[in-house]
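Student: Turn this into a model:
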Amino acid sequence: MYTVDTWRGFERHSFMFEGKQAYLVIPRQPDKGRRWMLKTEYFDAFPTLELALLERGFYLAYVANDTRWHTEEDDHRKARLAAFLVKEYGLADRCLPVGMSCGGLQAVYFAARYPQLV
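Tutor: Now for the predicted structure:
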């Protein structure tokens with residue numbers, strides 16, 4: 001179950017995923033491949049890239065972490081979120097990890113641990 005609100009002019013689905021806050025931001029016109037980004041940390045920070053890709057039809061997903069410094073469990077939770085989004089929303093099997101600062105570090109770790117998802 002999710003609630004719907006607006007994030008920077010886009011529809012956002014807010015829900016709990018494994019006890020953590022999660023979001024899926026919906027593009028106004030999804031691209032045919034149903035491509036999506038995975039914001040790894042600081043959901044609302046530095047959104048220039050995310051907004052540009054939303055305008056190009058990408059979805060934007062996020063799930064909160066245990067810590068901003070990265071844990072293996074954070075990676076595993078993101079992988080389970082990816083599986084959920086593929087199954088429930090029909091998104092593409094692979095995502096684009098996006099992050100700045102500590103989020104950039106988390107994006108690299110996630111891609112290294114789950115190359116089949118990026």
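Student: Mind listing what's buried along the lowest-mean-pLDDT helix or strand in the chain?
Tutor: In the chain, the helix or strand scored least confidently by mean pLDDT, DSSP states H and E is helix 102-113, which has a mean of 95. Residues of helix 102-113 classed as buried: 102, 103, 105, 106, 107, 109, 110, 111 (neighbour count, 16 or more other CB atoms under 10 Å). Placement of C-beta: from N, CA and C, glycine included.
Student: and if you look at stretch 32-52?
Tutor: When neighbours are counted by 16+ other CB under 10 Å, the buried residues of stretch 32-52 are found to be 34, 35, 36, 37, 38, 39, 40, 41, 42, 43, 47, 50.
Student: Likewise for stretch 79-89?
Tutor: Within stretch 79-89, the residues that count as buried by 16+ other CB under 10 Å are 79, 81, 82, 84, 85, 86.
Student: quick one, longest helix in this structure?
Tutor: In the chain, assigned by DSSP state H, the helix with the most residues is helix 72-89.
Student: C-terminal to it, what's the next element?
Tutor: Per DSSP states H and E, the first helix or strand lying C-terminal to helix 72-89 is strand 96-98.
Student: So which elements touch that next one?
Tutor: Counting contacts by 3 or more CB pairs under 8 Å, 6 or more residues apart in numbering; DSSP states H and E, the secondary-structure elements packed against strand 96-98 are strand 36-39, helix 48-55, helix 102-113.
Student: hmm, what's the outermost residue in this protein?
Tutor: Relative to the average C-alpha location in the chain, and by CA atoms, centre = their mean, no residue lies farther out than residue 32, which sits at 18.3 Å.
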